[in-house]
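**Q** compute the structure for the input listed below.
(one chain, ligands or ions: 1)
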Amino acid sequence: MSENAVPPVRLRPAVLAAPAYRQGAAPAEPGFKLSSNENPFGPLPGVLEAMARRAEQTNRYGAAAMPELRAMVAGGFGVSLDHVHLGAGSVAILYQLVHAAAGPGDEYVHAWPSFEAYPALGLASGATPVAVPLDARAEHDLDAMAAAVTGRTRVILLCTPNNPTGPAIRRADFDRFMARVPADTLVVLDEAYREFVTDPEAVRGEEVLREHPNLVVLRTFSKAYGLAGLRVGYGVGDPAILAAAASVSIPLSVTGIAESAALASLAPEARGIHAERIAELARRRDALAAALRELGIAVPEAQGNFAWIPEGAGGVADAAALAADFAEAGTLVRPFAGHGVRVSVGELESLPEVLRVVREHVAARLGG
Ligand SMILES: Cc1ncc(COP(=O)(O)O)c(C=O)c1O
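**A** Predicted coordinates:
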């Protein structure tokens, strides 16, 4: 699709003005793709076999309710099955929740920089995003976010750990924030990277869900379970809120194959290897962050499967220039213009390559 093409029919000006979604570019062989926070490990053992078995029934629609998967998720949160809603990726549920709660004239509040999809979530419903800058530690500025809540605010998005900068929201800060938020305003705790969190002080959705009827926790199989290409995620919260989200969802968009893969990923036999992989990725992340700090880069607390190289004080002079150096070396990372560069934790061999590119980039800038 050409971005500037003039449509032959009348479309909504707000939609035409919206920038097109840009995916992390495809890797140039033989480099590394560290631009989309994907899992370098493949699906867990047993998952491909389960998918193949389910694929034999591809002539049939999947079951809309998917009770077995919802029950397994619900068990992890200590809630009943009607507190779980599945989506074709957690991003689908983000759209549904904003759609269900915020229309024209309404606002939703989110931190920035944060997940790149947030600013566009209100496009179709007509709701206005209110972006609140992160604080000096690249963390959510929860005081400023609470102050940004007005009579028009219908949704607040909290991303923990924050993509792309890395810090998790601390439980004590979350509690203070929730005490300031009106009880009739939906708060979404986006925990797409929850499994990688090692900070004992971080808020954990399952520990706070029952205290806040206005809270929905989002998780995904895309990251920790390595199923990004299948599209399956879930929201946990009040059944009436989730029923409203389901009302604006595209019916049957979670496929039977995705359901079978998610179920196999949660199977008891897969638990051990899953835990090992998560621990390994957290180790690689910590090693990456520590090595970048040794190069003089002020990497914020990294709690996801990525590390953040800021632009400006404590970081590089030009995020786009660093990303260009990576691309030239065949490795893809995600630049955020004017803010920094996010580097995903990938294959073990990618670590020395990332450090080499950053070291040479910094040295060339100092020398030049
Ligand atoms: C913070 C955050 N939330 C949600 C998502 C959406 O993930 P998915 O739709 O694959 O579940 C992502 C993906 O990158 C993310 O970074």
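
**Q** tell me the SS of the nearest residue to residue 251 once chain neighbours are set aside?
**A** Among residues not flanking residue 251 along the chain, residue 64 sits closest, at 6.8 Å (Cβ to Cβ, 6 or more residues apart in numbering). To be clear about C-beta, it is placed using only N, CA and C from the backbone, and glycine gets the same treatment. The three-state assignment at residue 64 reads coil, by DSSP: H, G, I helix; E, B strand; the rest coil.

**Q** quick one: pLDDT of residue 16?
**A** If you check residue 16, the pLDDT there is 86.

**Q** coming back round to it: so the residue nearest to residue 251 touches residue 249, yeah?
**A** No: the pair residue 64 / residue 249 is not scored as a contact, 9.9 Å apart, by Cβ atoms under 8 Å.

**Q** comparing these two, which residue is more hemmed in?
**A** When neighbours are counted by other Cβ atoms under 10 Å, residue 249 comes out ahead of the other of residue 64 and residue 249, with 21 against 12.

**Q** can you tell me how far the more buried one is from residue 216?
**A** Residue 249 sits 14 Å away from residue 216, going by Cβ to Cβ, to the nearest Å.

**Q** SS state for residue 281?
**A** For residue 281, the secondary-structure state derived from three-state DSSP is helix.

**Q** do the same with residue 309
**A** Per three-state DSSP, residue 309 ends up strand.

**Q** ok, now residue 100?
**A** Per three-state DSSP, the local secondary structure of residue 100 is helix.

**Q** need the contact list for it.
**A** Counting by Cβ atoms under 8 Å, 6 or more residues apart in numbering, residue 100 touches 241, 244-245, 247-248.

**Q** OK, contacts around the residue in the chain positioned nearest to the ligand?
**A** Residue nearest to the ligand within the chain (Cβ to the nearest ligand atom): residue 89, separated by 2.6 Å. Contacts for residue 89 (Cβ under 8 Å, 6+ apart) come out as 220, 222, 231-233.

**Q** most widely separated two among the residues you listed?
**A** 220 and 231 (9.2 Å; Cβ to Cβ).

**Q** if any of the contacts of residue 100 are buried, put those into a PyMOL selection.
**A** In PyMOL, this line selects whichever of those come out buried by 16 or more other Cβ atoms under 10 Å:
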select buried, resi 241+244+245
